[in-house]
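A.B. asks: I would like the atomic coordinates for the input below:
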Amino acid sequence: MKHHLTALLLILSSPGLYAQAPAAAPGTPAPKPAPAAKPAPQGPVPTLGGVSYGNDPRQILDFWKADTKEPAPVLFFIHGGGWNNGDKNSVFNNGHAAYLKAGISVVSIHYRFVPAAKAAGIKPPVSWPLHDAARALQFLRSKAGEWNLDKTRIAASGGSAGACSSLWLAFHPDLADPSSSDPVARESTRLTCAAVMGAQTSLDPKQMKEWMPNSTYGGHAFGFAPNPAEKKTQFQVFLEGRETILPWIKEYSPYELVSSDDPPVYLFYAAPPAMGQEQKDPTHSANFGVGLQEKLKATGVASELQYPGATGVTHRTVQDFVIAKLTGKGQP
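C.D. replies: Presented below is the predicted three-dimensional model:
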């Protein structure tokens with residue numbers, strides 16, 4: 001709001017603001033009106049809003065307390081946007097009301113973006129948004145007593161990059177540091193489950209190209225940029241540089257982190273898969289889900305893969321899955 005007011009004052013103080021505009025030449029078509037900005041999702045005011053879990057202005061979260069006497073389970077939401085943009089209010093379009101009605105408290109976070117990490121010289125840039133998600137989760141657990149939360153029942157959810165972040169948390173070994181002098185850092189980052197939409201399950205360009213030959217996503221996460229001089233796209237540069245970042249892929253690609261002790265996951269995609277074929281939307285293709293589920297089955301991790309025409313899926317929606325796993329209500 002502060003920035004909007006500043007911009008408005010600058011506009012109002014501009015010389016000639018009220019001067020008459022020159023007449024358009026005869027026959028000149030009237031200018032088209034600017035498209036209306038897409039309104040941000042709106043929902044109920046949080047119980048606690050803009051709570052800081054770090055020192056950066058982007059490291060904040062909103063908390064909605066469920067109406068329960070006993071400590072409530074929690075839905076931990078991470079918004080999408082390619083780790084480049086997005087807003088925590090997108091939780092309102094992703095089951096917010098259903099979770100509260102089911103007695104599940106809700107937390108939605110902001111986090112630092114990849115461009116800011118790259119500008120700060122962070123390598124790889126994706127470490128900022130991912131570790132921010134982990135820190136926010138630990139901070140949430142540190143507030144369990146104060147906010148009446150059950151820290152043993154937490155589900156992560158999100159779409160696109162937020163889905164990838166959720167799966168990274170689900171599969172990554174616990175980041176808790178029991179010896180830390182920081183009580184937040186001593187908290188666990190493990191989850192009860194994860195339920196995600198349009199997830200990128202791999203950040204390995206070779207693997208992505210095998211699954212979807214027209215893949216274009218992921219290079220920015222590791223600091224790669226297009227090379228116009230050699231007419232190379234960002235993904236081409238990413239693929240050619242793969243061997244130099246294998247340790248980063250091992251650490252930050254969800255697929256690489258899967259182990260038998262991981263929690264159950266639910267993967268939702270808007271279109272059916274076609275492994276090895278070009279995709280209309282390769283960044284959010286269900287091929288990501290098929291590739292990951294094959295590894296989950298081989299490792300013994302429970303999963304459900306939902307898309308139009310899918311069979312053998314127990315839970316119809318992300319919300320059904322989360323509510324069942326956190327509360328025991330509905331189909332287990």
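
A.B. asks: any idea of the mean pLDDT for the helix of greatest length in the chain?
C.D. replies: Criterion DSSP state H: the longest helix present in the chain is helix 127-142. With pLDDT averaged residue by residue, helix 127-142 scores 98.

A.B. asks: got the CA positions of it in CSV?
C.D. replies: Extracted as CSV, the C-alpha positions of helix 127-142 are listed here (Å, rounded to 0.1, in the frame of the first residue of the first chain):
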residue,chain,number,x,y,z
SER,A,127,18.8,-22.8,-2.0
TRP,A,128,17.2,-19.6,-0.8
PRO,A,129,13.5,-20.4,-1.4
LEU,A,130,14.0,-24.1,-0.4
HIS,A,131,15.8,-23.3,2.8
ASP,A,132,13.3,-20.5,3.6
ALA,A,133,10.5,-23.1,3.4
ALA,A,134,12.4,-25.3,5.8
ARG,A,135,13.0,-22.5,8.2
ALA,A,136,9.4,-21.4,8.1
LEU,A,137,8.4,-25.0,8.9
GLN,A,138,10.7,-25.1,11.8
PHE,A,139,9.5,-21.7,13.0
LEU,A,140,5.9,-23.0,12.8
ARG,A,141,6.8,-26.0,15.0
SER,A,142,8.5,-23.7,17.5
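
A.B. asks: next structured bit after that helix?
C.D. replies: Taking DSSP states H and E as the definition, the helix or strand that follows helix 127-142 towards the C-terminus is helix 144-147.

A.B. asks: would you list every one of the strands in the stretch 201-332 of the chain?
C.D. replies: Residue ranges of the strands in the stretch 201-332 of the chain, as given by DSSP state E, counting those that start in this stretch, are 265-268, 303-306.

A.B. asks: and among those strands, the most buried is which?
C.D. replies: When the strands of the stretch 201-332 of the chain are scored by mean count of other Cβ atoms under 10 Å, the highest mean neighbour count falls to strand 265-268 (a mean of 28). In this view, the C-beta of every residue, glycine as well, is placed from N, C-alpha and C.

A.B. asks: That one pairs with which strands, and in what direction?
C.D. replies: When pairs are called by DSSP bridges, strand 265-268 turns out to pair with strand 193-197 (parallel), strand 303-306 (parallel).

A.B. asks: Contacts made by that strand with the rest, please.
C.D. replies: Counting contacts by Cβ atoms under 8 Å, 6 or more residues apart in numbering, the residues outside strand 265-268 that touch it are 167, 170, 193-199, 201, 288-289, 292-293, 296, 301-307, 315, 317-318, 321-322.

A.B. asks: Among these, name the buried ones.
C.D. replies: If you count burial by 16 or more other Cβ atoms under 10 Å, the buried members of the contacts of strand 265-268 come out as 167, 170, 193-199, 201, 288-289, 292-293, 296, 301, 303-307, 315, 317-318, 321-322.

A.B. asks: Could you please name the strands the longest strand that the chain contains pairs with and the direction of each pair?
C.D. replies: When secondary structure is assigned using DSSP state E, the longest strand within the chain turns out to be strand 149-159. Taking DSSP bridges as the criterion, strand 149-159 forms sheet pairs with strand 72-78 (parallel), strand 193-197 (parallel).

A.B. asks: okay, and the helix or strand of the protein with the least pLDDT?
C.D. replies: The weakest-scoring helix or strand in the chain, judged by mean pLDDT, DSSP states H and E, is helix 2-12 (a mean of 36).

A.B. asks: From Asp87, how far out is the most centrally placed residue in the chain?
C.D. replies: For the chain, the residue sitting closest to the mean C-alpha position, by Cα atoms, centre = their mean, is Gly162 at 0.7 Å. Taking Cβ to Cβ, to the nearest Å as the measure, Gly162 falls 11 Å from Asp87.

A.B. asks: got any residues that touch both of these two?
C.D. replies: Where contact means Cβ under 8 Å, 6+ apart, the residues bridging Gly162 and Asp87 through contact with each are 79, 81.

A.B. asks: Ser127 reaches Lys118, doesn't it?
C.D. replies: No: Ser127 is beyond contact range of Lys118, at 10.9 Å (criterion: Cβ atoms under 8 Å).

A.B. asks: about what we covered before: out of the strands paired with strand 149-159, which gets nearest to Ala97?
C.D. replies: With respect to Ala97, and counting by Cβ to Cβ, the nearest of these is strand 72-78 at 11.4 Å.

A.B. asks: That closest one to helix 127-142, inter-axis angle?
C.D. replies: 170 degrees (axes from the mean of the first three to the mean of the last three Cα atoms, to 10 degrees).

A.B. asks: which other residues reach strand 72-78?
C.D. replies: If you take Cβ under 8 Å, 6+ apart as the criterion, strand 72-78 is touched by 65-66, 88, 90-91, 94-95, 99, 103-109, 111, 133, 136-137, 140, 148-151, 153-158, 162-163, 165-166, 191-192, 322, 326-327.

A.B. asks: which of those residues are buried?
C.D. replies: For the contacts of strand 72-78, buried by 16+ other Cβ under 10 Å: 66, 88, 90-91, 94-95, 99, 103-109, 111, 133, 136-137, 140, 149-151, 153-158, 162-163, 165-166, 191-192, 322, 326.

A.B. asks: What's the end-to-end length of stretch 258-268?
C.D. replies: One end of stretch 258-268 sits 18 Å from the other (Cα to Cα, to the nearest Å).

A.B. asks: Alright, I will stop here.
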